[in-house]
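Trainee: What follows is a predicted structure for the sequence shown.
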Amino acid sequence: MNSSKNLLGNEHSPYLLQHKDNPVFWSPWGPAAFKAAADQNKPIFLSIGYSTCYWCHVMEHDSFEHQEVADVLNQSFISIKLDREERPDIDQVYMDAVVGLTGHGGWPMSVFLTPELKPFWAGTFFYRADFIAILQGLAQAWQGDRENVQASAQKIIEVLRTEREGESGELNAPELLKSAFNSLQQHFDRQHGGFGSAPKFPPSQQVRLLLRLNATQPNDVALKMADSSLECMARGGIYDQLGGGFHRYSTDAGWTVPHFEKMLYDNALLVVAYLEAYQVTKKLLFASVARETLEYVAREMCGESGQFFCAQDAGAVDKEGEYYVWSSDELKTLLDSEEFAAIRDSYQITDSGNFENNTNILVAAQSLDWSAKEVPPLLTALKKLRTERALRASPLLDDKTLTGWNGLMIAAFATGFRVLGEARYLKIAQRAASFIHDHLYRDGKLLRRFRGGDSAIDAVLEDYSYLISGLIELYQCDFDTRWLLWARRLQSQQDAKFWDVNRPGYLSSKAADVIVQKREFADGATPSANSVSLSNLARLFAFFGDTSLRTRHMALLAAMAPGISEHPTAYCTALQDLANAPAEQIEVVISAGEKNPEKARELVRLLYAEFAPGRVIGFNPVGSEVNNAEIPLLKGRGAVDGATAVYVCRNGVCKLPVFEPGVDIAQNLELFK
């Protein structure tokens, strides 16, 4: 069967549109494709990937653009293309199948399904000759041994539907945190930072846990592991030394050669980790890296209406990383001798290079003082390289907007405002939140994806949890109660939509086309949405005092207890909640008085400077106590006789208000502890 046109041309996903001209007769995921499989009695070939996936591009060029592959697929299968970023709930189910059948996962994902969407064979990337042989063998099996194929599919589904998480259990927080610390210490790379060996992914959640362990009970080893990991990444090739921002992972243990994709979520999570580390260590390198990364996102990953885009790819097939690397001769031509010497010494440039074709990925020398980037000759050299690099073909941009990932980046820019004091970062976070509200929150219903004027796809659990977290962070920056009230509404919707009535925990999705509904508690490339919900529930309880939030928080923790006990480092986000000690959560309400409103803002700035992850901050502007009546933490805790008042509370029980904390506010920090 030959087709000059498949069915992807009207889709909005950049990934699907990349395949619209393939000779393979692709269909998008949906009822029409499922019906075609049933009517024609054909198995489904499901190919899952995303637009910035390098090996997805390779498989397209090597297989899907070739008529000989298309002929087999078009004759014997119903072929479906799916963007994993649009439908992570579907991707999650079939990735479990791939890992279960092969022992490893990745993209592109290649899964073969019955017309009832049950997987019977799966893998990832295949070169053309192998792929054709696989297709022919599976087509023959479907025709000649269908009963066994369907029986195999049923067994796989039964395994996928088996809950991997045990029954709810008791939590011994000190023991679990100790176990996690010991495991992190065991796997820590003392030479290069991070954990484990190559390939090496940025350990943002592990670092944030270590910072909390150090804050709870000062621990030099925990702090050193966090500090070393962040510094080694910042100096490595995984960090774009010229333009800011982090690549997806390092192919080597030393962070030198990255996989050159840049993902929005990685950069959001790392910004927060670096800013928290800066609060703890006051190390200017960490503040600079966070600032450079936020500037990169604002410059290259932000739409005109304020929304954040998804990712940039690694480069064209067989040209991976070409945008980012430099030959020694090229640098000598572009720079004068003094500038070249500065670049050579600062970024370890050699004639042989550290990447393909004798090119150099910029890797900062240990001797490089980050402040040297702000003075000539290094300053002028870097400017020339940025100008030259801008003339190169830019990496492909996936310009769709995902609600959950935007929530993560809203939190990052809000944290950037709080820690760095950059007012522009607050405006960027506010614009992104407004965009989500205006374009992806329709008639009280949250949607997942926006692109080209089209808002679509029901939000999944991560969209709710990440956005709620971002809104809570945003409220604690501008103290606009609309963000907090929206977060509370979203939490109620999340509870109603995703809470598993059979066993405590949130389901990742309840969409009808997801054949296995799961509670996922462990972290993956992004934090577990259930674990993020732990923090959301604790903080919303602090603001609203609704005991149902605390009850759900405790039930969720208990549900996660067996998994945390068995594999603590897979639950670093959940363990952050334990380390934050929500039972000891501190709430601070500052109510500005008309006599000294500047005192109130000065106190807020003082609180911003501290690393205190178990604390929430509420603020009553002058005369706003009545307007804030919808938020119980703020209600009735206003200024007194026109004087600024500070209320320090523990789980809603407050000390007597303090007025005029003193001329030297720094001497009164004990008020907030």
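Mentor: Noted; the coordinates are in hand.
Trainee: tell me the mean pLDDT over stretch 168-188?
Mentor: Here stretch 168-188 scores 90 as its mean pLDDT.
Trainee: Next, report how far that stretch is displaced from the centre of its chain.
Mentor: 23 Å (CA atoms, centre = their mean, to the nearest Å).
Trainee: can you pull the contacts of the spatially most central residue of the chain?
Mentor: When the chain is reduced to its mean C-alpha position, the closest residue under CA atoms, centre = their mean turns out to be Tyr265, at 3.1 Å. If you count contacts by CB atoms under 8 Å, 6 or more residues apart in numbering, Tyr265 has them with 405, 408, 525-526. In this view, the C-beta of every residue, glycine as well, is placed from N, C-alpha and C.
Trainee: Could you single out the nearest of the residues you listed to Thr644?
Mentor: Comparing those against Thr644 with CB to CB places Leu408 closest, at 33.9 Å.
Trainee: The strand or helix carrying the closest one - contacts with which helices or strands?
Mentor: Of the helices and strands defined by DSSP states H and E, Leu408 is found in helix 403-420. Contact analysis of helix 403-420 by 3 or more CB pairs under 8 Å, 6 or more residues apart in numbering; DSSP states H and E lists helix 264-281, helix 284-300, helix 423-439, strand 445-451, helix 461-478, helix 597-609 as its packing neighbours.
Trainee: go with 6 Å
Mentor: The criterion is 3 or more CB pairs under 6 Å, 6 or more residues apart in numbering; DSSP states H and E, and the helices and strands that helix 403-420 contacts are helix 264-281, helix 423-439, helix 461-478.
Trainee: so the last one versus helix 597-609, what angle?
Mentor: Angle of helix 461-478 versus helix 597-609, following axes from the mean of the first three to the mean of the last three CA atoms, to 10 degrees, is 140 degrees.
Trainee: Just want the angle from helix 461-478 to helix 403-420.
Mentor: With the same axes, to 10 degrees applied, the angle from helix 461-478 to helix 403-420 works out at 30 degrees.
Trainee: quick one: the helix holding Leu408 to chain centroid distance?
Mentor: Put simply, helix 403-420 sits 11 Å off its chain's centre (CA atoms, centre = their mean).
Trainee: Alpha carbons only: can I get it in CSV?
Mentor: Output of helix 403-420 as CSV, limited to C-alpha atoms (Å, rounded to 0.1, in the frame of the first residue of the first chain):
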residue,chain,number,x,y,z
THR,A,403,0.8,23.6,31.6
GLY,A,404,2.8,21.5,34.0
TRP,A,405,6.2,22.5,32.7
ASN,A,406,5.2,26.1,32.8
GLY,A,407,4.3,25.6,36.4
LEU,A,408,7.8,24.5,37.1
MET,A,409,9.3,27.5,35.4
ILE,A,410,6.9,29.9,37.1
ALA,A,411,8.3,28.6,40.4
ALA,A,412,11.8,29.0,39.1
PHE,A,413,11.3,32.7,38.1
ALA,A,414,9.4,33.4,41.3
THR,A,415,12.4,31.9,43.3
GLY,A,416,14.7,34.0,41.2
PHE,A,417,12.9,37.1,42.2
ARG,A,418,12.9,36.2,45.9
VAL,A,419,16.6,35.2,46.0
LEU,A,420,18.2,37.5,43.5
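Trainee: Looking at it now, give me its mean pLDDT.
Mentor: So the average pLDDT for helix 403-420 ends up being 98.
Trainee: again with stretch 54-72
Mentor: Computed over stretch 54-72, the average pLDDT equals 97.
Trainee: Next, the buried residues of it.
Mentor: Buried residues in stretch 54-72, counting neighbours by 16 or more other CB atoms under 10 Å, are found at 54-60, 62-66, 69-72.
Trainee: Using a markdown table, lay out the contacts of Tyr265 together with neighbour count and distance to Ala32.
Mentor: Putting the contacts of Tyr265 into a markdown table (neighbours: other CB atoms under 10 Å; distance: CB to CB, whole Å) gives the following:
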| residue | neighbour count | distance to Ala32 |
| --- | --- | --- |
| Trp405 | 25 | 28 |
| Leu408 | 26 | 33 |
| Ala525 | 12 | 31 |
| Thr526 | 21 | 31 |
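Trainee: now these in TSV, with distance to Phe120?
Mentor: Below are these laid out as TSV (distance: CB to CB, whole Å):
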residue	distance to Phe120
Trp405	32
Leu408	36
Ala525	27
Thr526	29
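Trainee: Out of these, flag the one nearest to Ser110.
Mentor: When these are compared for distance to Ser110, the smallest value, 19.7 Å, is given by Ala525; criterion: CB to CB.
Trainee: Next step: the buried residues of stretch 54-72 restricted to helices.
Mentor: The helices, defined by DSSP state H, take in 54-59, 69-72 from the buried residues of stretch 54-72.
Trainee: domains in this structure, as residue ranges please.
Mentor: The record assigns the chain these domain ranges, following automatic domain parsing: 14-160, 173-314+397-582, 326-389, 585-672.
Trainee: I'd like these laid out as a markdown table, including distance to Lys5.
Mentor: Listed next are those as a markdown table, based on distance: least, CB to CB, whole Å:
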| stretch | distance to Lys5 |
| --- | --- |
| domain 14-160 | 8 |
| domain 173-314+397-582 | 20 |
| domain 326-389 | 37 |
| domain 585-672 | 54 |
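Trainee: most neighbours per residue, which of the ones you listed?
Mentor: Most buried of the domains of the chain by mean neighbour count (mean count of other CB atoms under 10 Å) is domain 173-314+397-582; its value is a mean of 21.
Trainee: Can you get me the centre-to-centre distance for it and its chain?
Mentor: 5 Å.
Trainee: What is the end-to-end distance of stretch 589-598?
Mentor: Looking at stretch 589-598, the gap from its leading to its trailing residue is 15 Å under the measure CA to CA, to the nearest Å.
Trainee: Which residues does it contact?
Mentor: The contact list for stretch 589-598, computed with CB atoms under 6 Å, 6 or more residues apart in numbering, reads 600, 603, 618-622, 637-639, 642-647.
Trainee: So which of the residues you listed belong to helices?
Mentor: Under the assignment DSSP H, these contribute 600, 603 to helices.
Trainee: Show me the two of the contacts of stretch 589-598 that sit farthest apart.
Mentor: Across the contacts of stretch 589-598, no pair lies farther apart than Gly618 and Gly642, at 19.6 Å, counting by CB to CB.
Trainee: For the stretch 201-350 of the chain, which segments count as helices?
Mentor: Ranges of helices in the stretch 201-350 of the chain, per DSSP state H, counting those that start in this stretch, are 204-216, 220-235, 264-281, 284-300, 328-334, 337-347.
Trainee: mind checking which of those helices is nearest Leu138?
Mentor: Distances from Leu138 to each of the helices of the stretch 201-350 of the chain were compared using CB to CB; the minimum, 34.2 Å, belongs to helix 264-281.
Trainee: pull the CA atoms of the closest one into CSV?
Mentor: C-alpha atoms of helix 264-281 as CSV (Å, rounded to 0.1, in the frame of the first residue of the first chain):
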residue,chain,number,x,y,z
LEU,A,264,12.4,23.5,30.0
TYR,A,265,11.8,21.2,33.0
ASP,A,266,15.5,20.5,33.6
ASN,A,267,16.3,24.2,33.6
ALA,A,268,13.4,25.1,35.9
LEU,A,269,14.4,22.4,38.4
LEU,A,270,18.1,23.3,38.3
VAL,A,271,17.5,27.0,38.8
VAL,A,272,15.7,26.3,42.0
ALA,A,273,18.5,24.0,43.2
TYR,A,274,21.2,26.6,42.4
LEU,A,275,19.3,29.4,44.1
GLU,A,276,18.7,27.3,47.3
ALA,A,277,22.4,26.4,47.3
TYR,A,278,23.2,30.1,47.0
GLN,A,279,21.0,30.9,50.0
VAL,A,280,22.9,28.3,52.0
THR,A,281,26.5,28.9,50.8
